[in-house]
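Novice: Can you look at this prediction? I've put the sequence above it.
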Amino acid sequence: MATKPKVLSLSIYLIKNKDLPDPELVNLDKADPPIDLDIGEGAARLYVKTEFVRQQPPWTRLFTALPEVPDGTFGRPNSVGAVLIYRAADATFLLSFGMGRHLVQQDAVERDFGLRVTLNSVNPNELRALDKATYTHRPLVSRNQSSRGVDIFDLDVDGESEVLYAITGQSQDPRLGPRVTGRDALTVLLALQADDLPSLLAHVLARYRAPLLAAFDWVDNVQRVRDPDFLQLLDMVLDDMLAQPNGAMLWMGEPEIVDWEQVAGYQFDLRPRTPMHPTLDLNHLTAYLHAAGESLCVVSLRRHWVHLVDANHQSLKMWHAYRCLNAEIGEDDATYVLRNGNWLKVKPSFAAQVDESLRTLPIRDLALPEFQHANEGEYNDHVAAMDASYYNLDANTIRLGGAYDKIEFCDLLKDHRTLIHVKV
């Protein structure tokens, strides 16, 4: 009898350029020699994370110095991990297992792949958590989560000033299991065997390429800039801003949610004498680059790292400095923002779209009574009492999403179709 496959957590990345060689997808310095696998029609190659015997953390000596605590009590501080590269005809995927995520060359992966697959696969009314960030001048990154399934507006996301980075919810696609989480990677819980991977990856690729569900189409109010020539132009403008950063809309910040309990500070490399900074600051990076004989520019930002380190100067997370840079550029009557290593084009605000729509509506010339009342409420009561064709809707709000998303439809409604807004 065949063994029933166990439920596994899979983290699936899509590679930007399917033809990139393995060294640009996986950190080979931390991996054992690859193992070629035969699964489906594509080419599959497994890299296992190299196991290093390391010293125990310093805090363990507090106890191992005592005769009651034998050697080996705390085990070996090693971690198992692997990545699988699967090359199909029209796409290349990378799947990470365990601590294998540390082998992934993050600059090679398609940003928001997992997010878009999740948005097209999740039940819109059964969401559990989301990560978001503002793309206005207030650089806020936050996570909202619920103990029960809710819709996206109950998680308090503002489609006019925030960009969605990650989302978790109940799957409505049986092929993706009971729950889906999406950011750059798609994370799913599935019982499957290796031979099932090719068809699964083809399925998630189709989900990624499909238009967003109507419940989430507002997400595209902020669109990724993908044209290579225009991206190069934006980076050229950014170089000019970096050459004279004073007064420019530039700042540094973590590109993702950080668990602060273990964090001691930031370093730009892991050499023992490199200073640890308590905050992530563009001036600190500039000084570091100048000491190395380099200038602050796009090329250097793409080459150097920002390490989030613990008290022992061990790297907890690392990002290219370019991913940590935030910038805003006004170009051709549009606003472009750099967040998490991506250039985003911000569509005109929802308010501007509403204003443009309202300009096309005809304005009626109504003979309303003169205002001779103590306040707006009394006036609306008077008009509605005077003429039965008027309905007083003053202060009757309509809830659109979250607790604070309410609007007043109008003050007076005439003949079921004419909206009257009374201002005093």
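Specialist: Okay, I see it.
Novice: Which secondary structure elements does the helix or strand hosting Tyr208 sit against?
Specialist: Using DSSP states H and E, Tyr208 sits in helix 197-209. Packing partners of helix 197-209 (3 or more CB pairs under 8 Å, 6 or more residues apart in numbering; DSSP states H and E): strand 7-14, strand 81-87, helix 113-119. No exception for glycine: its C-beta is placed from N, CA and C like everyone else's.
Novice: Quick one: closest of the ones you listed to Gln314.
Specialist: Across the helices and strands packed on helix 197-209, Gln314 has its closest neighbour in strand 81-87 (16.4 Å, CB to CB).
Novice: Tell me which helix or strand comes right after the closest one.
Specialist: That would be, after strand 81-87 and using DSSP H and E, strand 92-98.
Novice: partner strands of that following strand, parallel or antiparallel?
Specialist: As defined by DSSP bridges, the strand partners of strand 92-98 come to strand 7-14 (antiparallel), strand 81-87 (antiparallel).
Novice: Of all the helices and strands packed on helix 197-209, which one is nearest Ala166?
Specialist: Across the helices and strands packed on helix 197-209, closest to Ala166 is helix 113-119 (CB to CB), at 6.3 Å.
Novice: Just the CA trace of the closest one, in PDB.
Specialist: Coordinates of each C-alpha in helix 113-119 appear next as PDB, following Å, rounded to 0.1, in the frame of the first residue of the first chain:
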ATOM      1  CA  PHE A 113       4.100  36.900  -7.100                       C
ATOM      2  CA  GLY A 114       2.700  35.200  -4.000                       C
ATOM      3  CA  LEU A 115       0.500  38.200  -3.200                       C
ATOM      4  CA  ARG A 116      -1.300  38.200  -6.600                       C
ATOM      5  CA  VAL A 117      -1.800  34.400  -6.600                       C
ATOM      6  CA  THR A 118      -3.300  34.700  -3.100                       C
ATOM      7  CA  LEU A 119      -5.600  37.600  -4.100                       C
END
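Novice: Break this structure down into its structural domains.
Specialist: 228-346, 362-420 (automatic domain parsing).
Novice: follow-up on the earlier one: which of the helices and strands packed on helix 197-209 sits most buried?
Specialist: helix 113-119 (a mean of 26; mean count of other CB atoms under 10 Å).
Novice: What mean pLDDT does whichever helix or strand comes after it get?
Specialist: Under the assignment DSSP H and E, the closest C-terminal helix or strand after helix 113-119 is strand 122-134. Averaged across strand 122-134, the pLDDT comes to 86.
Novice: what does stretch 23-37 give?
Specialist: Mean predicted lDDT for stretch 23-37 stands at 91.
Novice: neighbouring contacts of it?
Specialist: Stretch 23-37 is touched from outside by 15, 22, 43-50, 83-85, 92, 94, 102-105, 108, 194, with contacts defined as CB atoms under 8 Å, 6 or more residues apart in numbering.
Novice: PyMOL command for the buried members of those residues?
Specialist: Selecting only the buried entries of these in PyMOL, with 16 or more other CB atoms under 10 Å as the criterion:
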select buried, resi 15+22+44+45+46+47+48+49+83+84+85+92+94+102+103+104+105+108
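Novice: who's in contact with Ser146?
Specialist: When contacts are counted by CB under 8 Å, 6+ apart, Ser146 touches 127-129, 154-155.
Novice: on that earlier part again, buried ones in the helix holding Tyr208, by neighbour count?
Specialist: Those would be 197-198, 200-202, 204-205, 207-208, for helix 197-209 by 16+ other CB under 10 Å.
Novice: what residues does it touch?
Specialist: With CB under 8 Å, 6+ apart, helix 197-209 has contacts from 12, 14, 39-42, 44, 84, 86, 88, 90-91, 93, 95, 113, 116-117, 120-121, 173, 175-176, 186, 190, 192.
Novice: how far off strand 81-87 does that helix point, in degrees?
Specialist: 80 degrees (axes from the mean of the first three to the mean of the last three CA atoms, to 10 degrees).
Novice: CA atoms only for helix 197-209 - export them in PDB, please.
Specialist: Taking C-alpha atoms only, helix 197-209 is exported to PDB below (Å, rounded to 0.1, in the frame of the first residue of the first chain):
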ATOM      1  CA  LEU A 197       4.900  19.700  -8.300                       C
ATOM      2  CA  PRO A 198       4.900  20.400 -12.100                       C
ATOM      3  CA  SER A 199       1.100  20.500 -12.400                       C
ATOM      4  CA  LEU A 200       0.800  22.600  -9.200                       C
ATOM      5  CA  LEU A 201       3.300  25.100 -10.400                       C
ATOM      6  CA  ALA A 202       1.500  25.400 -13.800                       C
ATOM      7  CA  HIS A 203      -1.700  26.100 -11.900                       C
ATOM      8  CA  VAL A 204      -0.300  28.800  -9.700                       C
ATOM      9  CA  LEU A 205       1.400  30.500 -12.700                       C
ATOM     10  CA  ALA A 206      -2.100  30.700 -14.400                       C
ATOM     11  CA  ARG A 207      -3.500  32.200 -11.200                       C
ATOM     12  CA  TYR A 208      -0.700  34.800 -11.200                       C
ATOM     13  CA  ARG A 209      -1.300  35.800 -14.800                       C
END
